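Undergrad: Coordinates for the following, if possible.
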Amino acid sequence: MELNTRTPVQYLKGIGPAKAKLFERLEISTVEDLLHYYPRTYQDRRLYTAPNEYNSDSLVVFKGRVLRTQLVPARSVLIFKAFLENERGEKIECTWFKKRTYQAFRFDPFGALKKDFTLNSEVWVIGRRENKNNFFGDKITVEEQYPAADVLSELHTGRLTPIYGLTEGLTNKQFRLFVHEALQTEALSNEPEILPPSLLSKRQLLSAPQALKAIHFPNSQAELESARRRLAYEEFLLLATAWGIKRTQTKILAKDYHYEIKKNLLTPFRENLGFEFTSSQKKVINEIFADLCSVRPMNRLLQGDVGSGKTVVALCAMLLAVENGYQAALMAPTEILAEQHFLIFKRILKDLPVNVAVLTSSTKAAAKKKILKELAEGKINILVGTHSVIQDDVKFHNLRLAVIDEQHRFGVKQRSKLKEKTSKLDLLTMTATPIPRTLALAFYGDLEVSTISELPPGRQPIKTETATSKLAYDLVRQEVQKGRQAYIVFPLIEESEKVSAKAVTEEFEKLKKVFPQFRLAMLHGQMTQQEKESVMADFAVHHTDILVATPVIEVGIDVPNATVMVIENAERFGLASLHQLRGRVGRGAHESYCVLVPQHAGSVAKERVDIICSTRDGFKIGERDMQLRGPGEILGTRQSGELEFKAGDIFKDKDILYQAIEDRDELLSADPELTQPEHALFRQKLRELYQQNWHLIDLS
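TA: Numbering: from 1, shown residues only. Below is the predicted model of the structure:
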């Protein structure tokens with residue numbers, strides 16, 4: 001059977017239907033998927049020396065002659081030892097471990113090893129040094145081994161060796177063989193070259209077959225970098241081009257409705273606020289109003305740091321829609337945030353003829369039925385809700401403006417589903433995780449970006465530091481005794497056998513004993529909506545001194561009297577979450593504190609904690625968070641697979657990214673519809689990538 005890129009992976013030699021199921025876990029269905037499943041790292045196995053020239057953490061690679069072997073019984077494991085002599089006459093003891101299982105009693109788990117490690121045979125060994133003091137010689141725990149006579153041993157030794165991220169049941173040794181098999185078939189030579197020859201020449205890029213071969217089995221570091229650069233460029237160019245086309249298609253749309261700034265709602269709203277907008281807020285409001293009054297639908301990203309006043313800006317836009325006779329909707333990622341927005345809107349708009357409703361999965365059937373009826377009749381002006389807003393049974397009378405808060409919590413398809421509620425829609429998305437300019441240029445190509453760059457006057461700086469629980473609780477005690485309030489946040493609701501972290505329900509009972517003189521309340525996501533509202537209302541009016549909670553309070557809570565935020569197990573939170581939680585304090589006139597209490601901090605977790613302690617700059621935090629977690633998660637595209645770069649890194653490869661953007665602009669300027677013959681395969685690839693993502697581009 002002649003294999004091509006579309007051939008199911010099960011037809012590759014050595015795989016078959018059973019093993020193909022393991023590949024499905026890695027989202028590998030075809031030979032093409034396998035070829036584009038790139039190594040996660042590489043081990044340098046080109047130079048091999050004696051084990052005693054390595055430290056205990058280094059990889060040991062050498063070829064040795066078998067002197068003898070030994071099977072060592074143990075209580076819980078089976079141990080196989082091979083005693084080797086390398087080319088310099090040095091003795092090395094090699095050890096393999098196997099767990100004692102039922103299968104191990106029925107079959108010899110070391111049968112294959114015994115065949116390879118016969119007396120005087122030569123073998124390659126890759127492993128880690130255990131210790132220096134051993135009677136026989138250096139002692140190595142073996143990770144992989146290969147008979148020196150095996151012609152395929154060159155895939156695993158004496159080279160930059162690929163290491164793949166795999167699933168249980170597959171080994172790197174096997175996987176390399178399968179990839180090698182795929183590279184020997186017609187599939188590689190049939191790999192289509194989607195990049196136009198002009199771009200290959202301009203950027204001096206490898207061809208597609210060359211790049212695929214070199215990314216898996218590079219002959220040198222330089223060849224590996226050339227392959228990665230080619231593949232990263234292709235990824236960047238494809239997505240940047242898709243967004244460029246989307247931007248063009250968005251701009252040719254025309255609204256069949258219009259706005260006028262009548263000020264019959266906006267003027268009394270501003271007069272009742274009790275504060276002046278910052279100059280940055282005013283600038284952003286003007287940008288949004290200009291979009292709304294334009295003949296083209298608005299598609300704008302509003303970004304601003306925690307507490308910068310994004311919500312009140314969004315409310316201005318919604319009031320403009322309402323005073324023009326249209327409906328507006330705000331979609332939030334959690335019920336608590338949706339409820340917070342609803343309560344804030346009700347309070348601010350209490351003297352205005354604006355009907356606001358809230359719809360979440362906790363809304364009772366009778367109330368939901370009433371809301372749906374009034375929404376369809378146009379009696380509800382502003383609907384606030386969660387994912388419930390985009391359910392099929394939610395029908396609007398004349399929805400024209402949608403606002404999405406904390407946009408990275410929603411997938412692209414969810415945002416697009418909201419657009420389906422009406423023929424034309426103005427869309428405003430908000431985020432407190434600022435998007436670096438690099439990404440805004442390339443991957444929010446269909447969005448205009450507005451930034452609130454300053455905080456409201458009077459905000460107090462928040463002192464951020466790490467401490468033990470005892471010191472953190474001492475600070476809480478001091479502040480509450482002054483008449484202030486505090487948050488203590490835990491990562492989990494209940495204890496887990498698999499996760500070593502403090503849980504809010506158990507810790508709440510302990511904290512009542514730590515602070516017997518204070519009023520404590522607990523808040524978490526599994527409480528009923530009425531319970532949540534009651535707890536939040538009590539804390540807002542200072543009927544509660546200390547709120548013990550999970551990260552549900554990460555956004556939407558605004559209590560100016562709260563001056564202390566204690567985050568237990570801080571290493572379990574992402575940078576954006578830590579920054580958001582810190583933003584719950586410092587909202588009043590009093591000095592405020594954020595105390596991080598790590599339990600077990602690895603290198604990345606420690607880095608997150610150090611970053612939060614060293615800066616309050618949301619843009620710096622947002623960019624670093626994206627570097628640590630990846631752009632797909634931050635931009636809300638991970639679930640739709642649009643920003644899952646396999647070869648490229650938008651931060652390390654900024655030069656490649658800018659080249660791709662430059663070439664994208666030239667490409668679309670010369671051939672907007674990509675209809676020229678030299679662009680046919682590139683256009684086809686775009687269609688394949690986005691045919692399931694109907695919300696993105698139209699290349700029909």
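Undergrad: pLDDT weak spots in the stretch 501-650 of the chain?
TA: 501, 554-556, 601-604, 626-644 (pLDDT under 70).
Undergrad: quick one, helices of it?
TA: Per DSSP state H, counting those that start in this stretch, the stretch 501-650 of the chain carries helices over the ranges 504-514, 529-540, 575-582, 603-614, 618-629, 631-635.
Undergrad: Most tightly packed of the ones you listed?
TA: Neighbour counts (mean count of other Cβ atoms under 10 Å) averaged over each of the helices of the stretch 501-650 of the chain peak at helix 575-582, with a mean of 25. The way it works is simple: take the backbone N, C-alpha and C, and place the C-beta from them, glycine included.
Undergrad: In PDB, list the C-alpha atoms belonging to it.
TA: Provided in PDB are the C-alpha atoms of helix 575-582 (Å, rounded to 0.1, in the frame of the first residue of the first chain):
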ATOM      1  CA  LEU A 575       0.000  35.100  37.100                       C
ATOM      2  CA  ALA A 576      -3.200  36.600  35.900                       C
ATOM      3  CA  SER A 577      -5.200  35.100  38.800                       C
ATOM      4  CA  LEU A 578      -2.700  36.400  41.300                       C
ATOM      5  CA  HIS A 579      -2.800  39.900  39.800                       C
ATOM      6  CA  GLN A 580      -6.600  39.800  39.700                       C
ATOM      7  CA  LEU A 581      -6.900  38.600  43.300                       C
ATOM      8  CA  ARG A 582      -4.500  41.400  44.400                       C
END
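Undergrad: The helices of the stretch 501-650 of the chain: which one's closest to Ile79?
TA: helix 603-614 (32.2 Å; Cβ to Cβ).
Undergrad: could the helices of the stretch 501-650 of the chain be laid out in a markdown table, adding distance to Tyr233?
TA: Formatted as a markdown table, the helices of the stretch 501-650 of the chain follow (distance: least, Cβ to Cβ, whole Å):
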| stretch | distance to Tyr233 |
| --- | --- |
| helix 504-514 | 47 |
| helix 529-540 | 49 |
| helix 575-582 | 29 |
| helix 603-614 | 28 |
| helix 618-629 | 20 |
| helix 631-635 | 17 |
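Undergrad: what's the closest of those to Ile140?
TA: Distance to Ile140, taken as Cβ to Cβ, is lowest for helix 603-614 among the helices of the stretch 501-650 of the chain, at 26.3 Å.
Undergrad: In terms of secondary structure, what does the closest one contact?
TA: Identification of packing neighbours for helix 603-614 by 3 or more Cβ pairs under 8 Å, 6 or more residues apart in numbering; DSSP states H and E yields strand 462-466, helix 575-582, strand 592-597, helix 618-629.
Undergrad: could you redo the last one with a cut-off of 7 Å?
TA: strand 462-466, helix 575-582, helix 618-629 (3 or more Cβ pairs under 7 Å, 6 or more residues apart in numbering; DSSP states H and E).
Undergrad: relative to helix 575-582, how tilted is that helix?
TA: Comparing the axes of helix 603-614 and helix 575-582 via axes from the mean of the first three to the mean of the last three Cα atoms, to 10 degrees yields an angle of 40 degrees.
Undergrad: any residues touching helix 603-614, and which ones?
TA: The contact list for helix 603-614 (Cβ atoms under 7 Å, 6 or more residues apart in numbering) reads 464-466, 570-571, 575, 578-579, 582, 596, 598, 601, 621, 624, 628.
Undergrad: With only the CA atoms kept, save that helix in PDB.
TA: C-alpha atoms of helix 603-614 as PDB (Å, rounded to 0.1, in the frame of the first residue of the first chain):
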ATOM      1  CA  SER A 603      11.000  27.000  39.500                       C
ATOM      2  CA  VAL A 604       8.100  28.300  37.400                       C
ATOM      3  CA  ALA A 605       5.800  28.800  40.400                       C
ATOM      4  CA  LYS A 606       8.500  30.700  42.200                       C
ATOM      5  CA  GLU A 607       9.000  32.800  39.100                       C
ATOM      6  CA  ARG A 608       5.300  33.700  39.100                       C
ATOM      7  CA  VAL A 609       5.400  34.700  42.800                       C
ATOM      8  CA  ASP A 610       8.600  36.700  42.300                       C
ATOM      9  CA  ILE A 611       7.000  38.600  39.400                       C
ATOM     10  CA  ILE A 612       3.900  39.500  41.300                       C
ATOM     11  CA  CYS A 613       6.000  40.800  44.200                       C
ATOM     12  CA  SER A 614       8.200  42.900  42.000                       C
END
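Undergrad: between the helices and strands packed on helix 603-614, which one is nearest to Ala589?
TA: Of those, nearest to Ala589 by Cβ to Cβ is strand 462-466, at 13.3 Å.
Undergrad: Extract the C-alpha trace of that closest one and format it as PDB.
TA: C-alpha atoms of strand 462-466 as PDB (Å, rounded to 0.1, in the frame of the first residue of the first chain):
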ATOM      1  CA  ILE A 462      -0.600  47.500  47.300                       C
ATOM      2  CA  LYS A 463       2.300  46.100  49.300                       C
ATOM      3  CA  THR A 464       3.000  42.600  48.000                       C
ATOM      4  CA  GLU A 465       5.200  40.100  49.700                       C
ATOM      5  CA  THR A 466       5.500  36.400  50.600                       C
END
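Undergrad: Buried residues of that strand, list them for me.
TA: Buried positions in strand 462-466, judged by neighbour count with 16 or more other Cβ atoms under 10 Å: Ile462, Thr464, Thr466.
Undergrad: Would you confirm that Cys94 contacts Glu143?
TA: No: counting by Cβ atoms under 7 Å, Cys94 sits too far from Glu143 to count as a contact (10.5 Å).
Undergrad: Which one's more surrounded, these two?
TA: In this view Cys94 and Glu143 are compared by other Cβ atoms under 10 Å, and Cys94 has more residues nearby, 26 against 15.
Undergrad: did I read that right, the more buried one in a strand?
TA: Yes: counting by DSSP: H, G, I helix; E, B strand; the rest coil, Cys94 is part of a strand.
Undergrad: just the strands in the stretch 101-250 of the chain please.
TA: 122-131, 138-147, 160-163 (DSSP state E, counting those that start in this stretch).
Undergrad: Tabulate these (CSV), appending distance to Arg230 and mean pLDDT.
TA: As requested, the strands of the stretch 101-250 of the chain are exported to CSV (distance: least, Cβ to Cβ, whole Å; pLDDT from 0 to 100):
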stretch, distance to Arg230, mean pLDDT
strand 122-131, 29, 84
strand 138-147, 29, 86
strand 160-163, 17, 92
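Undergrad: Turn those strands into a markdown table, columns for distance to Glu531.
TA: As requested, these are arranged in a markdown table below (distance: least, Cβ to Cβ, whole Å):
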| stretch | distance to Glu531 |
| --- | --- |
| strand 122-131 | 53 |
| strand 138-147 | 53 |
| strand 160-163 | 49 |
